[in-house]
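In: The following comprises the amino acid sequence and a computationally predicted model.
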There are 4 protein chains.
Amino acid sequence: MNSFGRLFRISIFGESHGPMIGIVIDGCPPGIEIDPADLETDLARRRSGATGTTPRIEPDIPEFGSGVFNGVTTGAPLTIFFRNTNTKSKDYSLFTTVPRPGHADFVAIKKYKGYHDHRGGGHFSGRLTLALVAAGVLAKKIVHKMNIKAELIEAGGKPDIDKAIAEAIENNDSIGGLIECRVENVPVGLGEPFFDSLESVISHLVFSIPAIKGIEFGSGFSAARMNGSRHNDALVDTNGETASNYAGGINGGISNGNDLFFRVAVKPTSSISGKQRTISLETAEMTDLEVKGRHDLCIALRVPVIVESVTAIALADLILIDKAW
Amino acid sequence: MNSFGRLFRISIFGESHGPMIGIVIDGCPPGIEIDPADLETDLARRRSGATGTTPRIEPDIPEFGSGVFNGVTTGAPLTIFFRNTNTKSKDYSLFTTVPRPGHADFVAIKKYKGYHDHRGGGHFSGRLTLALVAAGVLAKKIVHKMNIKAELIEAGGKPDIDKAIAEAIENNDSIGGLIECRVENVPVGLGEPFFDSLESVISHLVFSIPAIKGIEFGSGFSAARMNGSRHNDALVDTNGETASNYAGGINGGISNGNDLFFRVAVKPTSSISGKQRTISLETAEMTDLEVKGRHDLCIALRVPVIVESVTAIALADLILIDKAW
Amino acid sequence: MNSFGRLFRISIFGESHGPMIGIVIDGCPPGIEIDPADLETDLARRRSGATGTTPRIEPDIPEFGSGVFNGVTTGAPLTIFFRNTNTKSKDYSLFTTVPRPGHADFVAIKKYKGYHDHRGGGHFSGRLTLALVAAGVLAKKIVHKMNIKAELIEAGGKPDIDKAIAEAIENNDSIGGLIECRVENVPVGLGEPFFDSLESVISHLVFSIPAIKGIEFGSGFSAARMNGSRHNDALVDTNGETASNYAGGINGGISNGNDLFFRVAVKPTSSISGKQRTISLETAEMTDLEVKGRHDLCIALRVPVIVESVTAIALADLILIDKAW
Amino acid sequence: MNSFGRLFRISIFGESHGPMIGIVIDGCPPGIEIDPADLETDLARRRSGATGTTPRIEPDIPEFGSGVFNGVTTGAPLTIFFRNTNTKSKDYSLFTTVPRPGHADFVAIKKYKGYHDHRGGGHFSGRLTLALVAAGVLAKKIVHKMNIKAELIEAGGKPDIDKAIAEAIENNDSIGGLIECRVENVPVGLGEPFFDSLESVISHLVFSIPAIKGIEFGSGFSAARMNGSRHNDALVDTNGETASNYAGGINGGISNGNDLFFRVAVKPTSSISGKQRTISLETAEMTDLEVKGRHDLCIALRVPVIVESVTAIALADLILIDKAW
């Protein structure tokens, strides 16, 4: 399903090589100043062009289809879309019969009975995250008192990311990465357990981003190896500040006022340039496949701003819900 | 929010020391044979009593309040509840002013303005997972062709779990654990991207379980350190079988027909027996707190069946949705 | 689907002759005083016993299963249930093969594949409205500044209702009725168009009540015969008060601060005592059917408090949503 | 909230004088042939131009933004939008301080804190129903075995509609109308009580259409004046056919296989050409207002196709849900 959220609600649409990709943001409070230029910083962070990213460069010009009047949100659904201009569709036709390893080609053929738009990955394309970033800009304005910051802390297993990219280029192979996201100034009380814990809502959105393989909050997987006497964060004041922060800012699914933080694992880009083995759905024989097209060597480079965006979207929804009581 | 699911929809209720805990299961297809005895195996797996688990032993007798007629589901909402019988509420009154580290005491006081039922953790208690297990039994019947199996593969960082528990008892300190869940015979096509990817739905439910700090699918966090040439799983037949399974059975948010598997990190039980430092909300001074009551030394021991249950709930919903097309 | 609402969310369960009927109320703000005795006035209004109502008299004793602590709502899901005690199930077995005209017997057999609990109408029974009334009491507390009042203004086409009932008894035939509901002190701004207009949300809930055939707001069906020059309500002050109220207190799907009012048509009770023609699903022949059991002659007598309840439920949800901005 | 539906889910956006109005249709099954030309018949029925309708004539050219590939639905969200071209915005600025009687001006100012796009009614404009008609064309393709037909059966209280329009023109006053919608070949079993009865879902959508004041199913309001012995529809065969159809094709909230039918009351267009009294929000004094602009004399003329569309949308969602069991 292509919608998410309870009060701040987003509906995403579009395909990589279709006319446009976009998002409808429903429930955005009226009176928020918004200008297409406000999106530029985050769009630029997501955009390709840096070393290790795809040479497909789109201008990424946001257009407002609705919900903005005199430069201010109206309270009606706000639509932002981006026209697709730089598409090379012929590159992809092969994959409807020879599915690429690591991609959604095979499952898409089965689930959508062969009718999906396969060009450039279609609706599965990472290009749809452009819409998430756009919605994230709005969401950040709603939660503007919080400070959301995600960064790539490791690529290909190395903290020196430039070096990791250089090596990947040399090896002509893609690499994964590790992203940490931290949010400061989170008020106490966000999160709606039992089912809509803060972790549940954030992880739901984070796993919508293509290529994510794992998420951990606070101590995360290391908690599995820890003792309670160390893991318990001692409260040190009546605002809930804790001496340590193994909890990652969350207890019982609810923000506790300390920094919220989590880490996200990004797999290596599935599109690589060498020969790969796969099945031909026509011949039912295994075959060599060489994927051309334009791709990222380390998609993780472009993911931090997307992680920030979905975090902001989650927090915007939860802060609006929190006002109801 | 205390409901989850689109077609197979659960609504959970209850507190640890209130009259009962229970769950309403809406959207359960008619004609499924169900008897309270069918729940016993999974309830027993969750139940305390083994070494390392709390000495609070409840009989856990499921009662059907609605939705079952002549031993068969009717298609109307199916309600299962468990009366709470073995409650020692006096143990908990202190924590409304002296919040326990690692627990939800502090956030509950703030979010629910002091009105929450604090006894035994109230609505935050791990006892609510009893209701998840009950719903999971129904869900497993819906997805009975799949084989869902979760197990504790590490406790306190050690694969020898008996030894880990023995050490924890000796140290009088709680420990965390690592759980792996694997599902065989998953049909191709489950998962509803963009937002309801298989990972999104499973992680949403998994993070509803108290004490979970992280989740990773397939290669998980190790993917961040891998190359694409290795991570891409080569397709070897027209059913989508792959030579390796770094994907964990999912591409593009949709099951690909291979085994679905993921790992979950469980933190050490927050209730430990030694003295801990915390704040007194009355005096605004730090103070020593000694938590009595009856608790688990390694809550992770009881979590595998809960992970199975929420996985079954996620898959039941997705398989019903899948039938719509 | 058996749940409704966005922030104030109800999940209903139970069958007429099963163990219980009940409702889970999620999203109820903490700190609201509630005692089982608070339900008595509204439960009594719904209860049978008056002339023209069924002789099946249940004690209707509400039990709180969760969500109340020290007589106050906690913010966790509040469960209210009523045990069924006075059930005569043998009366109903015939209708699984000889469906009663005007009842849900035939559709239930088809939709639930023969597995539904047919006893006393099962999940279709008017007895489930008991749960709506219980939830309505909570909802009224949330919208306590508004004054919600529904009454039967016509039975069998007559404004003198005692007379209409007397005639129906004489004729040994059931009759329908017309209910008007009026809400005073509605704040301006409730309703969430485009799809969740105030009329949409209220009508959605009203048509959940068994036996409702129509709803009209303000001028209603007479609007179809009116001119705009008369129908337009002139605004007379800056609070939005209007000289007339053909709008019924709603413009553009949003409350305008004037009295909200609507009328609801209730069909005659389907269970009547004479012989009726219907089909036998066993013989595929038409047959005579005589419905025994205990029923209402004018179910509309018991519906006003139910209409009030669902109106309160709708308004409670919308007023919580309204606070988000 | 601007989304509706569980599996076939629509999200509407746009304002009368903004760049575009449109709709995202999520959950549309893949493989349905769709061409912009397929929309023409229904769009033409909704379009103005006939006697009694507004002289604002828009070309109403549908553009597909996503979800269609090679003339066939893909299973991804399908976006249809219509650019606004013929807008005269200066006509409307007055109404932000002098709200028009019968319109949403006053409530919009209050609810959206003055930030709403007031031009041409903004998001409240009847122009948004264009998007409903577009989605209805898709929905009709999903329920293509059913035959949905709505028509205006009365205008200004008269069954001779040409005459009624002529009189309205002569009187220079707007008139209301009565619409009947009938659906043939509805399968048994659509509708999801308790809360998502067929009547609930249809009425929810119908009351999203601007200017609707009432809805009645089958016997409707006349049921309130009838006896049960007459109102009960005798079943005459094992397919559920009934001798009469006072039920309007629905029992217990579920379709019974007979024709589904209901009537809808449309109020007279609020925009009329004479002087009207209203309040000035600036001076807090009553004042004369003369509404210019281009409007319909009998908006009901354009509503039948919209009623058909929302009926198809409701049925499409319910038929997809029905497949889950």
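Out: Yep, it's here.

In: how far away is residue A:48 from chain C?
Out: As judged by Cβ to the nearest Cβ, to the nearest Å, residue A:48 and chain C stand 37 Å apart. C-betas here are computed from N, CA, C, even on glycine.

In: element containing the residue of chain A most remote from its centre, please.
Out: Distance from the C-alpha centroid of chain A, by Cα atoms, centre = their mean, peaks at residue A:283 (36.6 Å). Of the helices and strands defined by DSSP states H and E, none includes residue A:283.

In: next one: phi and psi at it?
Out: Taking degrees, to the nearest 10, you get phi -90, psi -10 for the backbone angles of residue A:283.

In: How confident was the prediction at it?
Out: Here, the pLDDT recorded for residue A:283 equals 96.

In: ditto for the one 4 residues further on
Out: Reported pLDDT at residue A:287 in the predicted model: 96.

In: so it sits in a strand?
Out: Yes: per DSSP: H, G, I helix; E, B strand; the rest coil, residue A:287 lies within a strand segment.

In: Run through the stretch 201-325 of chain A and note the low-pLDDT ranges.
Out: A:293-294 (pLDDT under 70).

In: Now do the contacts for the closest residue to chain B within it.
Out: Closest approach between the stretch 201-325 of chain A and chain B, counting by Cβ to the nearest Cβ: residue A:252, at 2.6 Å. Counting by Cβ atoms under 8 Å, 6 or more residues apart in numbering or on different chains, residue A:252 touches A:191, A:193, A:197, B:103-104, B:107-108, B:124, B:210.

In: ok, which residues in the stretch 201-325 of chain A are in contact with chain C?
Out: The stretch 201-325 of chain A comes close to chain C at residues A:320-321, A:323-325, as judged by Cβ under 8 Å from any Cβ of the partner chain.

In: biggest helix in chain A by residues?
Out: Using DSSP state H, we find that the single longest helix of chain A is helix A:304-322.

In: Going along the chain, name the helices of chain A.
Out: Here chain A has its helices, by DSSP H, at A:40-46, A:105-111, A:129-142, A:161-171, A:198-206, A:228-231, A:304-322.

In: Can I get those in JSON lines including mean neighbour count?
Out: Putting these into JSON lines (neighbours: other Cβ atoms under 10 Å in any protein chain shown) gives the following:
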{"stretch": "helix A:40-46", "mean neighbour count": "17"}
{"stretch": "helix A:105-111", "mean neighbour count": "25"}
{"stretch": "helix A:129-142", "mean neighbour count": "25"}
{"stretch": "helix A:161-171", "mean neighbour count": "16"}
{"stretch": "helix A:198-206", "mean neighbour count": "28"}
{"stretch": "helix A:228-231", "mean neighbour count": "21"}
{"stretch": "helix A:304-322", "mean neighbour count": "26"}
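
In: closest one to residue A:66 among the ones you listed?
Out: helix A:129-142 (13.1 Å; Cβ to Cβ).

In: So is that closest one next to chain D?
Out: No: figure legend: helix A:129-142 not in contact with chain D (Cβ under 8 Å from any Cβ); closest approach 10.7 Å.

In: what angle do that helix and helix A:304-322 make?
Out: Angle, helix A:129-142 to helix A:304-322, by axes from the mean of the first three to the mean of the last three Cα atoms, to 10 degrees: 50 degrees.

In: Tell me how far helix A:129-142 lies from the chain's centre.
Out: Computed by Cα atoms, centre = their mean, to the nearest Å, the separation of helix A:129-142 from the middle of its chain amounts to 11 Å.

In: Tell me the helices and strands packed up against that helix.
Out: strand A:9-14, strand A:20-26, helix A:40-46, strand A:78-83, helix A:304-322 (3 or more Cβ pairs under 8 Å, 6 or more residues apart in numbering or on different chains; DSSP states H and E).

In: Under the pLDDT cut-off, which ranges of the stretch 1-150 of chain A? List them.
Out: A:56, A:87-91.

In: go with 80
Out: A:48-58, A:86-92 (pLDDT under 80).

In: Get me the contact residues on it for chain B.
Out: A:1-4, A:6, A:12, A:99-104, A:106-108, A:110-111, A:113, A:123-124, A:128.

In: what about 6 Å?
Out: A:1-2, A:4, A:12, A:99, A:101-102, A:104, A:106-107, A:110-111, A:124 (Cβ under 6 Å from any Cβ of the partner chain).

In: need the strands for the stretch 151-300 of chain A, in chain order.
Out: Counting by DSSP state E, counting those that start in this stretch, the stretch 151-300 of chain A has strands at residues A:177-184, A:212-217, A:250-251, A:254-255, A:260-266, A:275-279, A:286-290.

In: Tabulate those (JSON lines), appending mean neighbour count.
Out: Formatted as JSON lines, the strands of the stretch 151-300 of chain A follow (neighbours: other Cβ under 10 Å):
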{"stretch": "strand A:177-184", "mean neighbour count": "22"}
{"stretch": "strand A:212-217", "mean neighbour count": "28"}
{"stretch": "strand A:250-251", "mean neighbour count": "28"}
{"stretch": "strand A:254-255", "mean neighbour count": "28"}
{"stretch": "strand A:260-266", "mean neighbour count": "27"}
{"stretch": "strand A:275-279", "mean neighbour count": "19"}
{"stretch": "strand A:286-290", "mean neighbour count": "14"}
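
In: tell me the contacts of the residue lying closest to residue A:188 once chain neighbours are set aside?
Out: Leaving aside its sequence neighbours, residue A:188 sits nearest to residue A:257 (Cβ to Cβ, 6 or more residues apart in numbering or on different chains; 4.2 Å). For residue A:257, the contact set (Cβ atoms under 6 Å, 6 or more residues apart in numbering or on different chains) comprises A:188, A:239-240.

In: Of these, keep whichever come out buried.
Out: A:188, A:240 (16 or more other Cβ atoms under 10 Å in any protein chain shown).

In: for the contacts of residue A:257, which one is nearest chain D?
Out: Within the contacts of residue A:257, proximity to chain D (Cβ to the nearest Cβ) peaks at residue A:188, which comes in at 27.5 Å.

In: thinking that closest one is in contact with residue B:111, fair?
Out: No: between residue A:188 and residue B:111 there is no contact under Cβ atoms under 6 Å: 7.4 Å.

In: Out of the residues of the stretch 201-325 of chain A next to chain C, the closest to chain D would be?
Out: Taking Cβ to the nearest Cβ as the measure, chain D lies nearest residue A:320 of these, at 12.3 Å.

In: got the contact list for the closest one?
Out: Going by Cβ under 6 Å, 6+ apart, the list of residues near residue A:320 reads A:7-8, C:324.

In: And for the residue nearest to residue A:175 when sequence neighbours are not counted, the neighbour number?
Out: Distances taken as Cβ to Cβ, 6+ apart place residue A:156 nearest to residue A:175, at 3.5 Å, with adjacent residues excluded. The local packing of residue A:156 (other Cβ atoms under 10 Å in any protein chain shown) involves 26 other residues.

In: what's the spacing between residue A:156 and residue B:256?
Out: Going from residue A:156 to residue B:256 by Cβ to Cβ, to the nearest Å gives 25 Å.
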